[in-house]
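[1] below is the structure, and that's it, no one-letter string:
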DNA sequence: TTACAACAATTGCAAATGCACCTATGGTGT
DNA sequence: ACACCATAGGTGCATTTGCAATTGTTGTAA
């Protein structure tokens, strides 16, 4: 009888994270991406490519939590729209490397400062020490959550499995 | 020339939040919800109802970041499956009050402890002080992000506009 | 009271999503 | 060399999604 079977939403981290994530997406889509003809998924793909360079689709999928089949079609559209290229990897004929075009790079050069600015708006009122704790805590949480629950894949391979929905 | 036009993903809060959110959803869906025949959206609706009692659909939509039209269909399915009831509000014939059935309550009594446990797993390695800062920071961020950007709706109405995608 | 605006919920419809399956290539062990 | 499994990517198809109406209701101002 100790514990009321409720969740205090204002304290429940999954809820808080979902809300902040949704608010971030809402604002960025409404204020910046729509105008550029992009969706949030496009933005995430472009960020990964612009920050980490050419990638295989499967790796982009892993880093964005977008399903590989969805991503396949998404990249096809982005190729049609001229933001990225998709070409077979040298010396490996089943992999495909996706990378930014000049146009994609240009769009990101314009959008990234806005992305930074959104973060700045979001963290207004927090000091550096708190911000640092938040960042480190989120990284730690991600690690905790992506650890094998018990005896899952006994052998090697650090991660690989992931993404069901886009949260 | 000062700023390289990139985002350090490991430090970029929107990215971190998206990743942690996705990881939380992945695990909870895979480990608990699938088995109960529920999706993440059902869970979010049930949490809101079980924590805050009977609600209008529009308010549930606001609190879950689910679009009202999507929610309308979602609730219809949940009614068919016996988790909630939907009945017109007394003295107001255009509103509908959604609330848990005994079955819905029972499912939540079983799931909520798992929801708590997931949070516990996620925050392993963080101390109370850090946890407190993370919670307060997220609440603050949500507030910062949902403030009117400038001169948006000069008159009344605190919020109302929201949710585009489900993040 | 009679218009008219705001609001809550629903529905039509096209687009997006994700699972299951398929194809093609690469790697491994015998 | 061969069979075999794992991997990367793409497709078919049913379901889900969300925007734009549409319907019905309430509130309010002339």
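    Okay, I see it. No experiment lies behind these values; they were computed from the predicted model shown.

[2] what residues are up against residue A:134?
    Residue A:134 sits next to A:126, B:13, B:133-134, B:137-138 when contact means CB atoms under 8 Å, 6 or more residues apart in numbering or on different chains. (Glycine included, C-beta is placed from N, CA and C.)

[3] ok, which pair from those is furthest apart?
    Using CB to CB, the contacts of residue A:134 span at most 14.0 Å, a distance reached by B:13 and B:133.

[4] is DNA strand C within reach of the host helix or strand of residue A:25?
    Element membership for residue A:25 (DSSP states H and E) is helix A:13-28. No: counting by CB under 7 Å from any atom of the strand, DNA strand C is not contacted by helix A:13-28; separation bottoms out at 11.4 Å.

[5] now for the helix or strand that that helix is followed by, which elements pack on it?
    Using DSSP H and E, the helix or strand that follows helix A:13-28 in sequence is helix A:40-52. Counting contacts by 3 or more CB pairs under 8 Å, 6 or more residues apart in numbering or on different chains; DSSP states H and E, helix A:40-52 packs against helix A:13-28, helix A:57-64, helix A:68-80, strand A:84-89, strand A:92-100, helix A:102-122.

[6] the same query, at a cut-off of 6 Å, please.
    Helices and strands touching helix A:40-52, by 3 or more CB pairs under 6 Å, 6 or more residues apart in numbering or on different chains; DSSP states H and E, are helix A:57-64.

[7] from the chain's centre, how far out does the helix it packs on sit?
    9 Å (CA atoms, centre = their mean, to the nearest Å).

[8] next one: residue A:42 from residue B:5, what distance?
    17 Å (CB to CB, to the nearest Å).

[9] got it, and residue A:62?
    For residue A:62 relative to residue B:5 (CB to CB), the value is 24 Å.

[10] got the residues of chain A near DNA strand D?
    A:56-58, A:68-69, A:72-73, A:75-76, A:86, A:94-96, A:157.

[11] now those as CSV including distance to residue B:25 and pLDDT?
    Converted to CSV, the residues of chain A next to DNA strand D look like this (distance: CB to CB, whole Å; pLDDT from 0 to 100):
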residue, distance to residue B:25, pLDDT
A:56, 24, 95
A:57, 22, 96
A:58, 20, 95
A:68, 17, 96
A:69, 18, 97
A:72, 22, 97
A:73, 22, 97
A:75, 23, 97
A:76, 26, 96
A:86, 28, 94
A:94, 30, 86
A:95, 28, 88
A:96, 28, 90
A:157, 22, 32
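
[12] among those, which one lies nearest to residue B:102?
    residue A:69 (39.6 Å).

[13] quick one, phi/psi of residue A:8?
    phi -80, psi 100 (degrees, to the nearest 10).

[14] which of residue A:62 and residue B:5 has more neighbours?
    residue A:62 (19 against 14; other CB atoms under 10 Å in any protein chain shown).

[15] and the more buried one, what does it touch?
    Going by CB atoms under 6 Å, 6 or more residues apart in numbering or on different chains, residue A:62 touches no other residue.

[16] so it versus residue A:52, what's the distance?
    12 Å.

[17] then residue A:85?
    For residue A:85 relative to residue A:52 (CB to CB), the value is 16 Å.

[18] those two: which is more packed in?
    residue A:85 (16 against 13).

[19] so which strand or helix has residue A:143?
    helix A:128-146.

[20] that helix - what's its average pLDDT?
    Per-residue pLDDT values across helix A:128-146 average out to 96.

[21] report the buried residues of that helix.
    The neighbour-count check on helix A:128-146 (16 or more other CB atoms under 10 Å in any protein chain shown) flags A:130-131, A:133-135, A:137-138, A:140-142, A:144-146 as buried.

[22] give me the most central residue, chain A.
    residue A:64 (3.8 Å; CA atoms, centre = their mean).

[23] ok, that residue - contacts?
    residue A:44.

[24] how near is it to DNA strand D?
    13 Å (CB to the nearest atom of the strand, to the nearest Å).

[25] residue A:104 and residue A:85 touch, don't they?
    No: contact between residue A:104 and residue A:85 fails when scored by CB atoms under 6 Å: they sit 8.7 Å apart.

[26] just the pLDDT for the residue nearest to the centre of chain A.
    pLDDT, read off for residue A:64, is 95.

[27] returning to that earlier point: could I get the residues of chain A next to DNA strand D as TSV with distance to residue A:29?
    Output for the residues of chain A next to DNA strand D, formatted as TSV (distance: CB to CB, whole Å):
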residue	distance to residue A:29
A:56	27
A:57	23
A:58	26
A:68	23
A:69	23
A:72	22
A:73	19
A:75	20
A:76	21
A:86	25
A:94	34
A:95	31
A:96	28
A:157	35
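
[28] kindly indicate which of the residues you listed lies nearest residue A:24.
    residue A:75 (23.4 Å).
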